[in-house]
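Visitor: what follows is a predicted protein model with its sequence.
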Amino acid sequence: MVKLYVFLATLICIGILFHDGKVGALSSKDGSEEWGYVQVRPQAHMFWWHYRSPYRVKNSSEPWPIILWLQGGPGASGVGGGNFEEIGPLDMNLKPRNFTWLRKADLLFVENPVGVGFSFVEDSTLLVKTDEEAATDLTTLLIKVFNNDPILQKCNLFIFGESYGGKFAATLGLSAYKAIKKGTLKTTLGGVVLGDSWISPEDYVFSWAPLLKDMSRIHENGLQKSNILAEKIKQQLEAGESSNAFDTWKQLEDVISNSSNYVSFTSFLTDDGRNFNEISMRRYSKYSTVGKDADDIDILNGVIKKKLKIIPQNLT
């Protein structure tokens, strides 16, 4: 009976928020934050969270930028990852971040694609199956959000994708550009930025070890072992064995770590001094689990969900 009441309450919440596909949004008392849902397709609901920068330059000759952050995975949370773990105004301990990107631009975080984080579908068959489908949903969200906000329409939109989010950013960039040219999306596209983008795994695994060898970070034996694994990954990808290719990639990480004094994943100038097993697990799992750490989940399902007020209770 309790489950029935929760289900009915969720349906009522959905009906209120998404009637006719309109934006259901709330904002902070000072207007510096706004968040809500857009029904991008019938029974498919995408969550967004916009931070207005307190550093916005008034009467500037240049349009103020807004950065749309797209997390990787696919399946990692933009709110849990991009916002609280990386560039938002608060960190995962809800303490002010000294170097938030909010100092340079407005920030827009989206739980993408539907089914990730606070975004959801009412029927699992509505989950996207291609990057192009995800781009269509994101374009619909941008149209609903930007076309209802005259201030946002004056901003330059920069689409930033991290890891697999690079694929989302590239496909969305083209889709958004077409919508702007048609006049259905009221904004200006400032650019598309790809950060450590996971666009072509085959090319990346073949270039990783040679780069480190050129930087004198791995020895010849490590290079040869890495190239053998890279060739194996190529063959597995060509055979459609994506899961096996992923497992081989883990082996490649192990070889490179052991051959390089655990070179940092993000900078070949530094070493990772932590326990190897911990490093390795963190490396190849972070792309699909950003924002899914137990402590992160407690915060998102606790104080953050309480603040936002509109997240269905069955979403965790």
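Guide: Looks like it came in fine.
Visitor: centroid-nearest residue for the protein?
Guide: residue 71 (1.1 Å; C-alpha atoms, centre = their mean).
Visitor: from the chain's centroid, how far away is the helix or strand encompassing residue 248?
Guide: Counting by DSSP states H and E, the element that carries residue 248 is helix 242-259. Computed by C-alpha atoms, centre = their mean, to the nearest Å, the chain-centroid distance of helix 242-259 equals 23 Å.
Visitor: what do you get for stretch 302-312?
Guide: In terms of C-alpha atoms, centre = their mean, the centre of stretch 302-312 is found 20 Å from the chain centre.
Visitor: wait, the residue nearest to the centre of the chain touches residue 84, no?
Guide: No - using C-beta atoms under 8 Å as the test, residue 71 is too far from residue 84 to be in contact (11.5 Å). Just so you know, the C-beta spots here come from the backbone N, C-alpha and C atoms, and that holds for glycine as well.
Visitor: what is the neighbour count of residue 56?
Guide: 14 (other C-beta atoms under 10 Å).
Visitor: how far away is it from residue 130?
Guide: For residue 56, the distance to residue 130 (C-beta to C-beta, to the nearest Å) stands at 36 Å.
Visitor: tell me which helix or strand residue 37 sits in.
Guide: Residue-wise, residue 37 maps onto strand 33-41 under DSSP H and E.
Visitor: give me the next element, helix or strand, following that strand.
Guide: strand 44-51.
Visitor: which elements pack onto the helix holding residue 248?
Guide: helix 201-214, helix 220-238, helix 276-289 (3 or more C-beta pairs under 8 Å, 6 or more residues apart in numbering; DSSP states H and E).
Visitor: at 6 Å instead, please
Guide: Counting contacts by 3 or more C-beta pairs under 6 Å, 6 or more residues apart in numbering; DSSP states H and E, helix 242-259 packs against helix 220-238, helix 276-289.
Visitor: by mean pLDDT, show me the worst of those.
Guide: Among the helices and strands packed on helix 242-259, helix 276-289 has the lowest mean pLDDT, at a mean of 47.
Visitor: if we can go back for a sec, pull the helix holding residue 248 out as PDB, backbone CA atoms only.
Guide: The C-alpha trace of helix 242-259 is given here as PDB (Å, rounded to 0.1, in the frame of the first residue of the first chain):
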ATOM      1  CA  SER A 242      33.000  -3.900 -26.600                       C
ATOM      2  CA  SER A 243      32.900  -5.500 -23.200                       C
ATOM      3  CA  ASN A 244      36.100  -7.500 -23.900                       C
ATOM      4  CA  ALA A 245      37.800  -4.400 -25.300                       C
ATOM      5  CA  PHE A 246      36.900  -2.600 -22.000                       C
ATOM      6  CA  ASP A 247      38.600  -5.300 -20.000                       C
ATOM      7  CA  THR A 248      41.700  -5.200 -22.200                       C
ATOM      8  CA  TRP A 249      41.800  -1.400 -21.700                       C
ATOM      9  CA  LYS A 250      42.000  -2.100 -17.900                       C
ATOM     10  CA  GLN A 251      45.000  -4.300 -18.600                       C
ATOM     11  CA  LEU A 252      46.600  -1.500 -20.700                       C
ATOM     12  CA  GLU A 253      46.200   0.800 -17.700                       C
ATOM     13  CA  ASP A 254      47.900  -1.700 -15.500                       C
ATOM     14  CA  VAL A 255      50.800  -2.000 -17.900                       C
ATOM     15  CA  ILE A 256      51.300   1.700 -18.300                       C
ATOM     16  CA  SER A 257      51.000   2.300 -14.500                       C
ATOM     17  CA  ASN A 258      53.600  -0.400 -13.700                       C
ATOM     18  CA  SER A 259      55.900   0.900 -16.500                       C
END
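Visitor: now that helix against helix 220-238, angle please.
Guide: 170 degrees (axes from the mean of the first three to the mean of the last three C-alpha atoms, to 10 degrees).
Visitor: could I get the buried residue list for helix 242-259?
Guide: 245, 248-249, 252-257, 259 (16 or more other C-beta atoms under 10 Å).
Visitor: closest to residue 151 among the residues you listed?
Guide: Ranked by distance to residue 151 (C-beta to C-beta), the buried residues of helix 242-259 are led by residue 249 at 43.6 Å.
Visitor: which non-adjacent residue is nearest the closest one?
Guide: residue 233 (6.2 Å; C-beta to C-beta, 6 or more residues apart in numbering).
Visitor: what about that neighbour, how many residues close to it?
Guide: So residue 233, with other C-beta under 10 Å, has 24 neighbours.
Visitor: and for residue 227?
Guide: For residue 227, using other C-beta under 10 Å, the count is 16.
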